[in-house]
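Asks: Mind looking at a prediction? Sequence and model below.
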Amino acid sequence: MKIGLIGLPNSGKTTVFNALTKADATVTVYTDCKAKPNLAVVDVIDDRVTSLSKMYNPKKTVHATIELTDFVGLSQGSVRDGLFSSTSLALMKNSDALALVVRNFPDAAGDPPAPLEDIATIKDELLISDMIVAENRLERIEKAYKRGKKTNILEMEEKTLRDIVAHVSNNGWIRDLDLDGDEEKIIRGFQFLTQKPFMIILNSDETLFGNNQDILREIEKQNSVIEFAGKFEMELARLTDEDDVKLFMEDMGTQESARQRLTCLAYKTLGYISFFTVGSDEVRAWNIVHGNTAVKAAETIHTDLARGFIRAECFSCDDLMQCGSEKGVREDGHFHLKGKDYIVRDGDIMNIRFHV
Ligand SMILES: Nc1nc2c(ncn2[C@@H]2O[C@H](COP(=O)(O)OP(=O)(O)OP(=O)(O)O)[C@@H](O)[C@H]2O)c(=O)[nH]1
Ligand SMILES: [Mg+2]
């Protein structure tokens with residue numbers, strides 16, 4: 001799962017990135033638009049994987065991962081003025097979800113935060129970016145028509161893009177537009193930013209953390225949101241003594257680390273669930289979108305497994321923990337054989353039988 005951290009300059013993106021990844025990327029009060037984005041891959045913390053690993057004692061334990069990208073600040077007009085490098089824009093398009101970091105602490109000049117306005121500014125930039133992409137493509141389609149290249153497919157693309165332009169002009173997000181399967185397919189390649197799952201990280205001053213319910217409620221009317229105390233959490237991520245970490249977290253009134261909380265929100269926003277494969281070689285966590293079938297789960301592991309799918313042997317992690325062993329699961333009647341169309345549930349342990 002790839003998550004891009006975006007936001008206005010100095011909103012604390014790199015601070016949050018460091019808190020989430022335990023990285024040590026430079027935090028500054030200056031913004032360098034040409035700076036390269038920071039990248040890191042972190043494991044998804046899932047107690048179930050730890051428990052399964054203890055039970056199977058495999059050679060290898062593979063957690064699901066989150067790839068985080070920390071972009072340079074996206075300021076007002078930056079997309080239009082081309083301030084945002086094409087590398088950054090390409091990486092942003094390549095993200096599965098965008099997480100907007102919003103400043104909720106006084107900046108270096110002492111200016112008070114204005115989170116709601118900042119959110120509106122960034123949302124405008126994302127809409128403008130999509131608008132430019134759609135309009136540029138429409139221009140090229142017009143030119144193709146003039147050269148006599150009028151095909152059904154091109155006409156359908158034109159219609160879809162015109163719908164998008166109309167919708168975006170009204171500040172509508174492309175993800176809220178009701179597109180059918182064909183239309184979705186036609187525009188997939190554009191990787192529109194307002195089509196991506198989107199969440200907000202309210203990056204609050206450590207002294208005000210936990211006291212921002214009004215702002216959070218306001219943001220929540222439109223987007224999924226989580227509150228961080230970025231600077232504090234970055235310092236927390238650097239502590240090595242577990243007991244110290246616990247004490248500090250208690251002080252802040254949080255029980256889960258920043259990474260755990262963001263992971264939870266990201267899974268919810270993206271509609272992801274986890275399933276597991278187990279054995280003496282490897283215990284591994286996989287992600288699929290909620291509502292997907294056993295054959296899709298097979299495909300996530302390897303295309304051959306989907307191609308030659310026979311059936312899935314399946315039981316839940318909870319049942320396994322309760323029964324204490326696979327043998328116990330079978331004896332208690334919790335071991336199931338499922339076909340291609342079985343809808344995979346969060347926490348399922350799957351073994352795909354296949355033949356190619
Ligand atoms: N008080 C407080 N200050 C913060 C917090 N998060 C970031 N800062 C400060 O804000 C400044 C900018 O932080 P960065 O993390 O570099 O912000 P950024 O969004 O990555 O900035 P650019 O990459 O330059 O756009 C630094 O001086 C941080 O110490 C926070 O949660 N609380
Ligand atoms: Mg930064």
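Replies: In hand now; what should we look at? For clarity, every value in this text was computed on a predicted model and none was experimentally measured. Ligands and ions are numbered 1, 2, ... in the order given.

Asks: Can you show me the helices along the stretch 201-350 of the chain?
Replies: 213-220, 230-238, 242-252, 258-270, 294-301, 303-307, 317-323, 326-331 (DSSP state H, counting those that start in this stretch).

Asks: Of all the ones you listed, which one is nearest Glu158?
Replies: helix 258-270 (30.5 Å; C-beta to C-beta). Any C-beta I mention is one placed from the backbone N, CA and C, and that applies to glycine too.

Asks: In terms of secondary structure, what does the closest one contact?
Replies: helix 13-21, strand 97-104, strand 198-204, strand 224-228, helix 230-238, strand 272-277 (3 or more C-beta pairs under 8 Å, 6 or more residues apart in numbering; DSSP states H and E).

Asks: Just want the angle from it to strand 198-204.
Replies: Angle, helix 258-270 to strand 198-204, by axes from the mean of the first three to the mean of the last three C-alpha atoms, to 10 degrees: 150 degrees.

Asks: residues making contact with helix 258-270?
Replies: Under the contact criterion C-beta atoms under 8 Å, 6 or more residues apart in numbering, helix 258-270 has outside partners 1, 3, 16, 19-21, 42, 44-45, 66, 96-97, 99, 197-199, 201, 224, 226, 228, 230, 233, 236-237, 254, 256, 272-274, 287, 289.

Asks: CA atoms of it as PDB?
Replies: Taking Å, rounded to 0.1, in the frame of the first residue of the first chain, the C-alpha atoms of helix 258-270 are listed here in PDB:
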ATOM      1  CA  ALA A 258       1.200   7.100  15.200                       C
ATOM      2  CA  ARG A 259       1.900   4.300  12.800                       C
ATOM      3  CA  GLN A 260      -0.700   2.000  14.200                       C
ATOM      4  CA  ARG A 261      -3.300   4.800  14.100                       C
ATOM      5  CA  LEU A 262      -2.500   5.800  10.500                       C
ATOM      6  CA  THR A 263      -2.500   2.200   9.400                       C
ATOM      7  CA  CYS A 264      -5.900   1.700  10.900                       C
ATOM      8  CA  LEU A 265      -7.300   4.800   9.200                       C
ATOM      9  CA  ALA A 266      -5.600   3.800   5.900                       C
ATOM     10  CA  TYR A 267      -7.200   0.300   5.900                       C
ATOM     11  CA  LYS A 268     -10.600   1.900   6.600                       C
ATOM     12  CA  THR A 269     -10.200   4.600   3.900                       C
ATOM     13  CA  LEU A 270      -8.900   2.200   1.300                       C
END
